[in-house]
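Enquirer: predicted model and sequence below, questions to follow.
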Amino acid sequence: MELRRLTDEFSVAPQIEPEDVPKLAEMGFRTLIINRPDEEIEDADQRSDAIAALCQSHGLTPYYLPYYPGELSLELVDDFATIMDAAEKPALGYCRSGTRSSHLWGVSQAGEMEIDKIVATAAEAGYDHSSLVPVMQYYASRRDQA
């Protein structure tokens, strides 16, 4: 299991295995956000319902928020932000490589953190968010208008 910490409250990872769930609970994670769509997964033990059942038996709260490749939307970011607002921390988001989960975090932070800091934080974790800067700028301006 490869965890990449973005903040004290949120980390991302590539696809986790069923045996990772108790380890995550032991590490203190309270919430698991499943961003990998079930349609991408062949192994039934890795699908959202199986992972969610394991989460519940180990004291983690699971959320299934599928993010399909190339389909980042403001609604999806808003849904992610709503989950993070309600979730017990720390939380872990995962998808195939962790990239989509990191994108949701990055865009959701626009208006809360400086965009340069978001890009730098993601880069430290191994993710390039430079192409998301226009989306983050728009999300931040939208948030300012609300």
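Expert: Perfect, I can see it now. Residues are numbered from 1 along each chain as shown.
Enquirer: so where's the protein uncertain?
Expert: Applying pLDDT under 70 to the chain picks out residues 144, 146.
Enquirer: how about the helices in it?
Expert: Ranges of helices in the chain, per DSSP state H, are 20-26, 48-57, 74-86, 99-109, 115-124, 133-145.
Enquirer: any buried residues in the fifth one, and which?
Expert: Of the residues in helix 115-124, those scored as buried under the neighbour-count criterion (16 or more other C-beta atoms under 10 Å) are 115, 118-119, 121-122. Any C-beta I mention is one placed from the backbone N, CA and C, and that applies to glycine too.
Enquirer: what about the spatially closest residue to I83 that is not a sequence neighbour, how many neighbours?
Expert: Distances taken as C-beta to C-beta, 6 or more residues apart in numbering put Y63 closest to I83, at 5.0 Å, once the chain neighbours are dropped. Residues lying near Y63 (other C-beta atoms under 10 Å) number 21.
Enquirer: same question for L92.
Expert: 25.
Enquirer: which residues does it bridge with?
Expert: For L92, the beta-bridge assignment (DSSP bridges) gives partners S11, L32.
Enquirer: that one reaches T7, doesn't it?
Expert: No. Applying C-beta atoms under 8 Å, one finds L92 not in contact with T7, separated by 11.7 Å.
Enquirer: list the beta-bridge partners for the residue nearest to I83.
Expert: With DSSP bridges as the rule, Y63 is bridged to I33.
Enquirer: surely it touches L32?
Expert: Yes. Judged on C-beta under 8 Å, Y63 makes contact with L32 at a distance of 7.2 Å.
Enquirer: which neighbours do the two have in common?
Expert: Here Y63 and L32 have no joint contacts, going by C-beta atoms under 8 Å, 6 or more residues apart in numbering.
Enquirer: coming back round to it: name the nearest of the buried residues of helix 115-124 relative to M27.
Expert: T121 (20.2 Å; C-beta to C-beta).
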